Every structure is written in C-alpha cells, then in structure tokens.
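*Asks:* Show me the folded form of this:
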Amino acid sequence: MPVSHSYLPNAHKEMKQCRITLFVKELSVRIRKELIREGSFQITATIILCLSMAFFVVILGIFINDHVRKFVVSEEFYLPQLTKFSPLSPWSPYSQFLCNTSLFSSPTSPPLNSSTSNGALRDLIAPKELWHSMSDKELMWRASMVPYVVYYPFDRTPKVAFMFLSRGRLPLASFWEKFFKGHAGLYSIYLHTSPEYLTEMPESSEFYKRRIPSKPVDWGKATMVDAERRLLANALLDFSNERFVLLSETCIPLFNFTTIYNYLINSNHSFVSSFDDPRHIGRGRYNKQMWPTVTLPDWRKGSQWFEVHRNLAVEIVSDVTYYPIFKEHCKPPCYMDEHYLATLVNKLRPEMNSNRSITWVDWSRGGSHPTKFVRKDVTEAFLNQARYGLNCSYNRGLSSICFLFARKFHPSTLEPLLRIAPSLLGFDP
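*Replies:* Sure thing, here's the model as predicted:
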C-alpha cells in the first residue's frame with residue numbers, strides 16, 4: 001500500500017521526539033549518578049574530618065591533663081614551703097636573670113619538711129658524693145644551669161667553697177683542719193689532684209672523700225685552667241656555695257675562719273688580679289690571631305689564685321667564646337693561667353671585680369716563681385707583715401686587711417705554724 005505523504009513527516013517528527021526523550025532520560029540518569037557519587041565523596045570526607053577532629057581532641061585532652069597534673073604536683077611541692085623569701089641583693093648587676101641574687105642577706109625561708117629534705121631536692125642542691133662520671137663538657141653544662149626563680153625553696157646558708165689544686169697530698173692539712181674546726185655548714189672543700197694520686201685522707205679528716213674527678217695538669221699550659229674550671233664547676237653543683245676561692249697545697253690562711261668568712265660573704269666584689277702590663281711579659285704575650293675576639297686593649301695579666309662570687313663563677317664555666325681562643329693561641333711564652341681569667345673578667349664583668357688578689361706571695365727574690373718559705377722563716381712578725389702590710393679598698397672603703405691567704409709554705413713550716421696559730425690566729429691548740 002502506498003505511503004501517504006502526510007504520514008512521513010509525522011513519523012519523522014515522532015522519532016525525533018523519542019530520541020530527545022531518551023537523551024533527556026539518559027542525561028537525567030547520569031546526573032543522578034554523579035550527584036550520588038559526589039554526595040558519597042562528601043559524606044566520606046565529612047566522616048574522615050570528624051574522626052580526625054575527635055582524635056585531635058582526645059590527644060589534646062591527654063596533653064592538657066598531663067601538664068595540669070604536673071603543675072599541681074609542683075605547686076604542692078614548692079608553695080607550702082615558701083612562706084618567706086630572701087631579699088634580692090642590691091648590688092648584683094644582672095640579678096634579673098640569675099637566681100643567685102640574694103647574695104649576702106641572711107636566708108629567711110623556712111627549712112624543708114622531712115618528706116623532701118632527704119629526697120631528690122637535697123641531692124640536687126648539694127650532691128652527696130663528689131665523685132661522678134661526667135665528662136668536662138657535661139660537667140660545665142650542668143654547672144652552668146641557673147634557675148630563673150630568685151627565691152630558694154630551702155633554708156640556704158651561704159658557704160665558702162675552698163678549692164685546692166694540688167699535685168698530691170696536702171702536707172699542711174692538719175693546719176687547715178684546725179682552721180675549719182667548729183664551722184661545719186659554712187664551707188665546702190674540693191680537692192683536685194694528679195689522677196695517679198690515689199691515697200685517701202683519714203676518715204676523721206676534713207678532706208676525707210673531697211677529691212673530684214681530676215686530669216693531669218701541666219704548669220703554664222691550658223690544662224692548668226682546665227683544672228681551675230673543673231674545680232669551679234664541681235663546686236657550683238652545691239647551690240649553697242656562694243664564694244669560691246682557689247688555693248694550692250702550699251697555701252695557709254692568715255686569719256681565723258670567722259674573719260675570712262665574713263670578709264668574703266660581705267664583699268661586694270670578687271678578687272681576681274687583673275691589670276694591664278705594658279712589658280714584654282704582659283702585652284708582649286698577646287697573639288694577634290686572637291683578634292677580633294680578644295683585642296690588645298682587652299688583654300690583661302693577673303695572679304692565678306683567685307676568689308669569685310657565684311654569679312661570676314657561673315660566667316666562667318659557661319664561657320665558650322673566649323676559652324677556645326686562649327686555648328688555641330695562648331701558649332708558652334704566653335701562660336694561660338696568668339691571662340685567661342684576668343682578661344675574661346675584664347671583658348665580661350669588670351664592675352664585679354676588685355682587680356686584686358687576696359693571696360699574698362713574695363716576688364722580691366725575682367724569678368718565674370715566688371719565694372718558698374721554710375721552717376726558719378715562720379714567725380709571728382713575718383705572718384703579721386703579710387696580714388697587715390698595707391691598706392686596700394674594700395666595699396668602697398679602706399681596710400687594713402688585704403690578704404686572707406699566703407703561699408708558698410714548705411711542709412717543714414707545719415710545726416711552727418701549729419705552734420703560733422693559737423695565739424696569732426685564734427685556733428684551738
């Protein structure tokens with residue numbers, strides 16, 4: 001049957017509409033699939049984000065809880081005992097960042113209770129044993145630690161640290177023991193000897209178990225300064241040590257303990273000999289390779305035997321700037337023990353120093369070493385000459401007491417010293 005011409009356009013139109021309808025339906029299905037897929041991704045991302053936030057909140061809660069617990073424990077440990085505080089020292093030029101600023105005032109803090117006085121705090125503020133296994137680097141790091149809290153949470157009585165740099169035995173030990181007798185709690189003793197010297201002092205001696213870990217020392221070399229810094233660092237581990245005096249086995253005290261203790265504890269300055277010597281044995285030893293860290297105008301000379309306040313002692317053991325320069329470039333005929341400390345104090349804290357030594361020696365006979373005194377030299381007149389030979393500055397005034405110690409005394413001087421001591425120095429016979 002023949003197809004009508006009117007039917008053909010209609011059929012074509014219907015087919016076109018059908019195709020459009022199918023396309024629209026297919027497009028609609030694809031859009032729904034994409035939306036479902038995108039929605040699933042968003043849901044998944046939301047779930048992951050929520051889980052991450054929940055995990056972070058849990059970790060943060062644990063962290064905060066742990067630190068709050070530590071803070072509460074520390075408050076319970078310290079605060080009940082700090083009912084009174086020691087006043088700050090009026091003269092310390094950098095007391096704002098050192099804890100050791102209550103320098104010479106009497107401590108007013110109550111003592112620790114029994115639960116803490118025998119525990120970790122006591123071990124921290126005053127180690128029971130001087131012997132340890134720390135290297136010099138570890139020791140200097142440990143000794144340089146200074147708390148920012150300016151008040152001591154314990155009953156602190158300032159002590160004088162007597163640091164003996166000796167080759168071996170102390171031939172004048174019995175004289176020193178009379179000096180220390182009756183003054184326990186006001187002093188500490190530290191002994192640096194040659195490593196091969198292993199003889200221990202009697203248990204009844206003040207020097208019993210007072211040796212620190214030591215290393216070999218060579219006169220005029222950097223090892224001498226190493227030993228001095230080692231003594232200082234070990235003494236700084238006791239937080240009650242306020243003043244630090246370096247002595248040798250040939251040194252003697254020129255006054256009784258009370259006089260020397262009060263002189264040092266009440267002093268506004270340290271006692272480090274430091275002066276500009278224009279001669280070849282002074283400025284002539286300066287090495288230009290030290291420039292610019294150490295310049296010629298900085299260069300100073302002084303006595304090896306010093307006495308320093310705790311704040312300055314911390315500066316000395318903390319020095320990592322000048323010490324390496326001296327160790328590398330100050331070698332004989334430059335003697336490090338005569339120049340390092342004198343220059344360091346001049347560079348860092350000149351206002352804290354008196355620029356004089358409190359250890360008397362006799363250089364009148366010349367030579368590279370001072371006079372060594374023997375038995376026949378020791379008389380009351382001789383000792384009084386060292387005790388009251390001149391006047392000097394002390395706390396912005398004049399004092400007839402300038403030297404507290406003297407050297408070099410041969411072992412043969414022990415007998416006359418013990419004989420003279422009761423009447424001259426007030427020691428018990």
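
*Asks:* Can you name the helix or strand that residue 56 falls in?
*Replies:* Taking DSSP states H and E as the definition, one finds residue 56 inside helix 7-78.

*Asks:* those helices in the stretch 51-200 of the chain, which residues are they?
*Replies:* Applying DSSP state H, counting those that start in this stretch to the stretch 51-200 of the chain gives helices spanning 114-117, 120-125, 136-143, 173-180.

*Asks:* From residue 362, how far out is residue 228?
*Replies:* Per Cβ to Cβ, to the nearest Å, residue 228 is found 23 Å from residue 362. Bear in mind the C-beta positions are built from the backbone N, C-alpha and C, glycine included.

*Asks:* So which of those two has more stuff around it?
*Replies:* Ranked by neighbour count (other Cβ atoms under 10 Å), residue 228 and residue 362 place residue 228 first, with 25 against 15.

*Asks:* For the closest residue to the more buried one other than its chain neighbours, give me its contacts.
*Replies:* Of all residues not flanking residue 228 in the chain, residue 246 sits nearest, at 6.1 Å (Cβ to Cβ, 6 or more residues apart in numbering). Applying Cβ atoms under 8 Å, 6 or more residues apart in numbering, one finds that residue 246 lies in contact with 163, 165, 228, 231, 304-307.

*Asks:* Am I right that residue 362 is in a helix?
*Replies:* No: Residue 362: not assigned to a helix; according to DSSP: H, G, I helix; E, B strand; the rest coil it is coil.

*Asks:* what stretches of the protein score poorly on pLDDT?
*Replies:* Across the chain, the ranges flagged by pLDDT under 70 are 1-44, 57-58, 61-119, 428-429.

*Asks:* in the sheet, who's paired with the residue nearest to residue 228?
*Replies:* residue 163 (DSSP bridges).

*Asks:* Starting from residue 125, give me the distance back to it.
*Replies:* In terms of Cβ to Cβ, residue 246 sits 23 Å off from residue 125.

*Asks:* and if you look at residue 239?
*Replies:* 4 Å.

*Asks:* same check, this time on residue 364
*Replies:* 45 Å.

*Asks:* who's more crowded, these two?
*Replies:* In this view residue 364 and residue 125 are compared by other Cβ under 10 Å, and residue 125 has more residues nearby, 16 against 7.

*Asks:* Now do the contacts for the more buried one.
*Replies:* Contacts of residue 125 (Cβ under 8 Å, 6+ apart): 154, 238-240.

*Asks:* Inside strands: which ones of those?
*Replies:* Members of these lying in strands (criterion: DSSP state E): none.

*Asks:* And the furthest pair within the residues you listed?
*Replies:* The most widely separated members of the contacts of residue 125, counting by Cβ to Cβ, are 154 and 238 (12.1 Å).

*Asks:* higher neighbour count, those two?
*Replies:* Set side by side, residue 154 and residue 238 show more neighbours around residue 154, with 20 against 16, by other Cβ under 10 Å.

*Asks:* Pretty sure the more buried one sits against residue 121.
*Replies:* Yes: the pair residue 154 and residue 121 qualifies as a contact (Cβ atoms under 8 Å) at a distance of 6.8 Å.

*Asks:* Once you drop chain neighbours, what's closest to the residue nearest the centre of the chain?
*Replies:* Nearest to the mean C-alpha position of the chain, by Cα atoms, centre = their mean, lies residue 144 at 2.5 Å. Distance criterion Cβ to Cβ, 6+ apart; nearest residue to residue 144, sequence neighbours excluded, is residue 318 at 4.1 Å.

*Asks:* measure that neighbour to residue 312 for me?
*Replies:* 11 Å.

*Asks:* Which of the two has more residues huddled nearby?
*Replies:* Between residue 318 and residue 312, counted using other Cβ under 10 Å, residue 312 has the larger neighbour count: 22 against 17.

*Asks:* give me the element the more buried one is part of.
*Replies:* helix 310-318.

*Asks:* report the angle between the axes of that helix and helix 136-143?
*Replies:* 150 degrees (axes from the mean of the first three to the mean of the last three Cα atoms, to 10 degrees).

*Asks:* So for helix 310-318, what gets flagged as buried?
*Replies:* Residues of helix 310-318 classed as buried by neighbour count (16 or more other Cβ atoms under 10 Å): 310-318.

*Asks:* ok, the spatially closest residue to residue 197 that is not a sequence neighbour - contacts?
*Replies:* Sequence neighbours aside, residue 168 is the residue nearest to residue 197 in space, at 4.2 Å (criterion: Cβ to Cβ, 6+ apart). Residue 168 makes contact with 193-194, 197, 199, 249, according to Cβ under 8 Å, 6+ apart.

*Asks:* let's go with 10 Å and repeat that
*Replies:* The contact partners of residue 168, by Cβ atoms under 10 Å, 6 or more residues apart in numbering, come to 193-194, 196-199, 249.

*Asks:* How about residue 130?
*Replies:* Shown in contact with residue 130 (Cβ under 10 Å, 6+ apart): 188-191, 209-213, 234-235, 237-238.

*Asks:* Drop anything exposed from these.
*Replies:* 188-191, 210-213, 234-235, 237-238.

*Asks:* looking at this, residue 244 is in a helix?
*Replies:* No: using three-state DSSP, the assignment for residue 244 is strand, not a helix.

*Asks:* what's the burial count for it?
*Replies:* 27.

*Asks:* And residue 174, how close does it get to residue 205?
*Replies:* When residue 174 is compared with residue 205 (using Cβ to Cβ), they lie 9 Å apart.

*Asks:* brain fart, residue 277
*Replies:* Computed as Cβ to Cβ, the residue 277 to residue 205 distance reads 40 Å.

*Asks:* There's contact between residue 318 and residue 142 in this structure, I believe.
*Replies:* No: applying Cβ atoms under 10 Å as the test, residue 318 and residue 142 come out as separate, 11.2 Å apart.

*Asks:* re earlier: can you redo the contacts of residue 125 as CSV with distance to residue 138?
*Replies:* CSV is the format used below for the contacts of residue 125 (distance: Cβ to Cβ, whole Å):
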residue, distance to residue 138
154, 25
238, 17
239, 18
240, 22
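
*Asks:* Just give me the closest of those residues to residue 349.
*Replies:* The closest of the contacts of residue 125 to residue 349 turns out to be residue 239 (Cβ to Cβ; 20.5 Å).
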